[in-house]
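Q: show me the folded form of this:
(one chain, ligands or ions: 1)
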Amino acid sequence: MRTPMACTQTLSNPLPSSPHLLPHKPDSIQLTQEEMKRVAAYRAADMVGSGMVVGLGTGSTAAHFIDRLAELMLNGSLTGIIGIPTSLQTEKHAIKAGIPLSTLDSHPIVDISIDGADEVDPKYNLVKGRGGSLFREKMIEGASRKFVVIVDETKMVGCLGGSGLSVPVEIVPFSWNYTLLKIQKLFENEIGFSARLRVDQDNKPFKTDNENYIIEMFFEKGVSGDLNEVSDKLLRLTGVIEHGMFLNMATNVVMAKKDGSLVILNK
Ligand SMILES: O=C[C@H](O)[C@H](O)[C@H](O)COP(=O)(O)O
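A: Predicted structure coming up:
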């Protein structure tokens, strides 16, 4: 059984100073969250080179990247790009944008993946999957030589789960309530822990692209202790397919700030 141990990571200035990549904005002007997402996505698109196999992320930040990638292909700046989509939603978007697609089966080595995240901790560990796409994302991003995370500054946290929002776990639908009980048992000593099945607008179980269910785990003070141990324990539960903690996977983080500056972190 896990000894409860407080998450001790802090966010006190974990970031180096950054170049201002946007024209100077008066102090009173601040970017909206959507603008920050676009700024990060556009900068990350510059990391893609012609002829690359590119993992295409999922979510609102990744959508800006897909639009930019398509734009760069259309104006001839990038040629020979092959995209590997991390969700059905992204697949549709990329097809509409005119990006040629393939699969991991045909292209098992991905040059670069670019995707958003729900949280980034000071060691660049991530929470992903609040949009439900964590399994395909983890497969494709795990097969990538470079995995660039694009976020706005609101996504930076001291501890994973520390924003008070969920850490998702993808499970098989069969006996889902039993799997939920096992997850609750795993964290029974964790003060303020709770878990529940994700439901859709009709109060039916939310289904992932793989027809699985999602359990949302909530940690009042963030996930504590050794994250790799927490990961292993979850993955050992029969019924659990994957979880949304992406540990030691990101090679770069491109983070846009409200003042228009960008911080680029490299591992
Ligand atoms: O399942 C969703 C993905 O992991 C997203 O990358 C993540 O939720 C971040 O999404 P957004 O860019 O919309 O905040």
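Q: show the contacting residues for Gly164.
A: By C-beta atoms under 8 Å, 6 or more residues apart in numbering, the contact set of Gly164 is Phe218, Glu220. For every residue, glycine as well, the C-beta is placed using N, CA and C.
Q: apply 10 Å and report the result again.
A: Going by C-beta atoms under 10 Å, 6 or more residues apart in numbering, Gly164 touches Val157, Gly192, Phe218, Phe219, Glu220, Lys221, Gly222.
Q: tally of neighbours for Gln89?
A: 17 (other C-beta atoms under 10 Å).
Q: does it sit in a helix or strand, and which one?
A: According to DSSP states H and E, Gln89 maps onto helix 88-97.
Q: for that helix, give the mean pLDDT please.
A: Here helix 88-97 scores 98 as its mean pLDDT.
Q: ok, the residue lying closest to Lys207 once chain neighbours are set aside - contacts?
A: Nearest-residue entry for Lys207: Tyr213, 6.9 Å, with adjacent residues in sequence omitted and distances by C-beta to C-beta, 6 or more residues apart in numbering. When contacts are counted by C-beta under 10 Å, 6+ apart, Tyr213 is found next to 132, 169-174, 176, 179-180, 197-199, 205-207, 239, 241.
Q: likewise for Asp209?
A: Thr58, Pro85, Thr86, Ser87, Leu88, Gln89, Thr90, Glu91, Gly132, Ser133, Phe135, Arg136.
Q: 7 Å - rerun?
A: Contacts for Asp209 (C-beta atoms under 7 Å, 6 or more residues apart in numbering) come out as Ser87, Leu88, Ser133, Arg136.
Q: neighbours of the first one, how many?
A: What that stands for is Ser87. 23.
Q: alpha carbons of the longest strand along the chain, as PDB, please.
A: When the chain is parsed with DSSP state E, its longest strand is strand 144-152. What follows is strand 144-152, C-alpha atoms only, in PDB (Å, rounded to 0.1, in the frame of the first residue of the first chain):
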ATOM      1  CA  SER A 144       8.100   9.800 -31.900                       C
ATOM      2  CA  ARG A 145      11.700  11.000 -32.000                       C
ATOM      3  CA  LYS A 146      10.600  14.400 -30.800                       C
ATOM      4  CA  PHE A 147       7.500  15.200 -28.900                       C
ATOM      5  CA  VAL A 148       6.700  18.900 -28.700                       C
ATOM      6  CA  VAL A 149       4.100  20.000 -26.300                       C
ATOM      7  CA  ILE A 150       2.300  23.200 -27.000                       C
ATOM      8  CA  VAL A 151       0.500  25.000 -24.200                       C
ATOM      9  CA  ASP A 152      -0.500  28.400 -22.800                       C
END
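Q: the residue most central in space within the chain: what secondary structure?
A: Residue closest to the average C-alpha location in the chain (C-alpha atoms, centre = their mean): Ala117, at 3.0 Å. Judged by DSSP: H, G, I helix; E, B strand; the rest coil, the three-state class of Ala117 is coil.
Q: can you pull the contacts of the closest residue to Gly132 other than its chain neighbours?
A: Residue nearest to Gly132 in three dimensions, not counting chain neighbours: Thr208, with 5.1 Å by C-beta to C-beta, 6+ apart. Contacts for Thr208 (C-beta under 7 Å, 6+ apart) come out as Gly132, Phe135, Glu170, Ile214.
Q: so Met47: helix, strand or coil?
A: Secondary structure, three-state DSSP: Met47 is coil.
Q: backbone dihedrals for it, please?
A: Note on Met47: backbone dihedrals following degrees, to the nearest 10 are phi -80, psi -10.
Q: count the residues that sit near it.
A: Neighbour tally, Met47, other C-beta under 10 Å: 16.
Q: now do the contacts for it.
A: Applying C-beta under 7 Å, 6+ apart to Met47 gives the contacts Ile112, Val148.
Q: tell me the spacing between it and the ligand.
A: Plainly put, Met47 is 17 Å away from the ligand if you go by C-beta to the nearest ligand atom, to the nearest Å.
Q: same thing with Asn248?
A: Counting by C-beta to the nearest ligand atom - Asn248 and the ligand are separated by 17 Å.
Q: begin at 42 from now on, thanks
A: Happy to do that; since the first residue is 42 now, the last one works out to Asn289.
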